[in-house]
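K.L.:
after the sequence you'll find the predicted model.
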Amino acid sequence: MFSAAVVIPVYNHGAAAVRTVLAVRALGLPCIVVDDGSEPICAARLDDVATQPAVTLVRLARNQGKGGAVMAGCREAAQQRYTHAVQIDADGQHDVRDIPAFLELARNNPNSVVTGTPVYDTSVPRSRLIGRYATHIWVWINTLSLDIRDSMCGFRVYPLPPVLDLIDSVHVARRMEFDFDILVRLHWRGVAILNRPTAVTYPQDGVSHFRLWRDNVLISRMHARLFFGMLVRLPVLIWRKTMARR
């Protein structure tokens, strides 16, 4: 039977994270908050919000990166016997009110990943748009498809069995490159990707942990690794595309 929990990775997001958790709970959804080694002030706020009904706090002893936190949240969701996990950012970028629509699509397609296609307002920095588009091109190359319209949106619904099987069998990136790495690898394994538009806002008081040089190097290295992984899988990917056209 379909059941889902919302996984929120948090690293020093403070008040924004608390607002996100409370908004999720206002929808009546269970919430798994992963404290990814936050500083004491943020950790104390998370302790407070974890007293809310149906809120589970998972605390990582040291910062593992967004991917590490999401994977820890997915494992906790599976332990609690949920079939699906909703990933959403803690900084207020995503419209929590869209979660029910994402879940409805996932409920009707339980073996697929539902991922957000951002609809930006004027708050988005132009430099971020350019960088994201470069990643999208690499993802389209590395999957030989346009199935993943936006590979960096952190608002998505995962079916837990294929996700846990993937992260238990191969190394999946743990930092900013996680979002596109896991989608590409799931796509390689034949997991369908469904795209749904969703509003994305960059809050003026938002906390970003993107580090220009460090994270661009990590992202570039991951694209290179995925490219060579795609070459190894090229016959299978071509065969799959051929069969899909019949």
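P.N.:
In hand now; what should we look at?
K.L.:
going forward, measure contacts between C-alpha atoms and count neighbours the same way
P.N.:
OK.
K.L.:
for the chain, longest helix please?
P.N.:
Longest helix of the chain, by residue count under DSSP state H: helix 212-245.
K.L.:
report all helices and strands that it contacts.
P.N.:
Applying 3 or more CA pairs under 8 Å, 6 or more residues apart in numbering; DSSP states H and E, one finds that helix 212-245 makes contact with helix 126-143, helix 178-188.
K.L.:
do that again at 7 Å, thanks
P.N.:
helix 126-143 (3 or more CA pairs under 7 Å, 6 or more residues apart in numbering; DSSP states H and E).
K.L.:
can you show me the CA trace of whatever helix or strand comes next after the helix it packs on as CSV?
P.N.:
The helix or strand immediately downstream of helix 126-143 is strand 156-159, counting by DSSP states H and E. Taking Å, rounded to 0.1, in the frame of the first residue of the first chain, the C-alpha atoms of strand 156-159 are listed here in CSV:
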residue,chain,number,x,y,z
ARG,A,156,10.9,15.0,-5.9
VAL,A,157,9.2,11.7,-4.8
TYR,A,158,11.3,8.6,-4.7
PRO,A,159,10.0,5.0,-4.7
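K.L.:
off-centre distance for strand 156-159?
P.N.:
Centroid separation for strand 156-159 versus its chain: 8 Å, with CA atoms, centre = their mean, to the nearest Å.
K.L.:
before we move on, what about stretch 221-231?
P.N.:
20 Å.
K.L.:
for it, list the C-alpha coordinates in PDB.
P.N.:
C-alpha atoms of stretch 221-231 as PDB (Å, rounded to 0.1, in the frame of the first residue of the first chain):
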ATOM      1  CA  ARG A 221      34.000  15.400 -12.000                       C
ATOM      2  CA  MET A 222      30.700  13.700 -11.600                       C
ATOM      3  CA  HIS A 223      29.600  14.600 -15.200                       C
ATOM      4  CA  ALA A 224      32.900  13.000 -16.400                       C
ATOM      5  CA  ARG A 225      32.300   9.900 -14.400                       C
ATOM      6  CA  LEU A 226      28.700   9.600 -15.600                       C
ATOM      7  CA  PHE A 227      29.800  10.100 -19.200                       C
ATOM      8  CA  PHE A 228      32.200   7.200 -19.000                       C
ATOM      9  CA  GLY A 229      29.500   5.200 -17.300                       C
ATOM     10  CA  MET A 230      27.200   6.000 -20.100                       C
ATOM     11  CA  LEU A 231      29.700   4.800 -22.700                       C
END
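K.L.:
what residues does it touch?
P.N.:
By CA atoms under 7 Å, 6 or more residues apart in numbering, the surrounding residues in contact with stretch 221-231 are W138, N142, E177.
K.L.:
please redo it, this time with the cut-off set to 6 Å
P.N.:
Stretch 221-231 is contacted from outside by N142, using CA atoms under 6 Å, 6 or more residues apart in numbering.
K.L.:
buried stuff in it?
P.N.:
Applying a neighbour-count criterion of 16 or more other CA atoms under 10 Å, one finds M222, H223, L226, F227, M230 buried in stretch 221-231.
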